Structures are given as structure tokens and as C-alpha cells.
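Student: Curious how this folds, go ahead:
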Amino acid sequence: PPLRIPSMAEADENKREAIELELAKQREQIAEMSARLASASEQHRIELDALQSKLTSSAEESRTQTELLQLELEAAKADAEAATSLKHELDAATSAASAARADVAAKSAQLESLRAELDAAKATSGASTELQQQLDE
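Tutor: Below is the predicted model:
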């Protein structure tokens, strides 16, 4: 059979069809890549939302912990102030007790002195009575 040489129009038509076929393949690849990109983008958005939620939750928990620690600190300060007040009261009571002990010791010394004077007076009275009896005899 004789070789047939395609005309210019047929050659141009073949080229156009080959280009259109290549363009169709590239459009399909672009569509697939766009779908994968959209899917990855959606997955990243979901992950970002989860991270944001976790971050918000952690921030709220941290804020709550900080508030609790602040309350505990205020309670500890109040306890320390109460303890300091009680120590001052204890110191005052200790001083009052020491003063009372010193007063009791002084009064005991006075009492012993008075007893000694009484014993001396009794002895003098006894001697005086004895002398009187001897004089009377």
C-alpha cells in the first residue's frame, strides 16, 4: 500500500487532539491535587481547633489553680497573723504570770518575816510571862 502523507489540516488536528488530551490529564491531576490539598487543609483546621480548645482548657485550668493558690496564700497569711496575735497574747500572759509569781514570792517573804516577828513576840511574851510569875512568887 502506498504511504499516505497527512495533510496540514490533519496534522494540526492531531496536534490539537494530543494537546487537548494532555490538558485533560493535567486538569485531572490539578483536580486531584486540589482535593488532596482541601482534605489536608480541613485536617489541619480540625487539628488547630483541637489545639486551640486544649490551650483554652489549659489556660482556664491554670487560672483556676492560680485563684486557688491565691486563696490558700490569703488563708495562710490570716493564719500567720492569728498565730502572731496568739504569741503576743501568750507573751503577755507569761509576763503577767511572772509578775504574779514575783508578787507571791514577795508576799511569802513578808509572811515569813511576820511569822519570825510573831515567834519573837511570842518568845518575848513567854519570857515576860515567866518573869511575871517569878515576880509574883
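
Student: Packing partners of the helix or strand that contains residue 44?
Tutor: For residue 44, the host element (DSSP states H and E) is helix 8-136. Using 3 or more CB pairs under 8 Å, 6 or more residues apart in numbering; DSSP states H and E as the contact test, no helix or strand touches helix 8-136. C-beta coordinates here come from the backbone N, C-alpha and C atoms, glycine included.

Student: Off-centre distance for it?
Tutor: 4 Å (CA atoms, centre = their mean, to the nearest Å).

Student: CA atoms only for stretch 34-46, dumped as PDB, please.
Tutor: Extracted in PDB, the C-alpha atoms of stretch 34-46 (Å, rounded to 0.1, in the frame of the first residue of the first chain):
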ATOM      1  CA  SER A  34      -6.800  20.400  44.800                       C
ATOM      2  CA  ALA A  35      -8.900  17.700  46.500                       C
ATOM      3  CA  ARG A  36      -5.900  16.400  48.500                       C
ATOM      4  CA  LEU A  37      -5.000  20.000  49.400                       C
ATOM      5  CA  ALA A  38      -8.500  20.700  50.500                       C
ATOM      6  CA  SER A  39      -8.600  17.500  52.600                       C
ATOM      7  CA  ALA A  40      -5.200  18.300  54.200                       C
ATOM      8  CA  SER A  41      -6.400  21.900  54.800                       C
ATOM      9  CA  GLU A  42      -9.500  20.600  56.500                       C
ATOM     10  CA  GLN A  43      -7.400  18.100  58.600                       C
ATOM     11  CA  HIS A  44      -5.100  21.000  59.700                       C
ATOM     12  CA  ARG A  45      -8.100  23.100  60.600                       C
ATOM     13  CA  ILE A  46      -9.500  20.300  62.800                       C
END
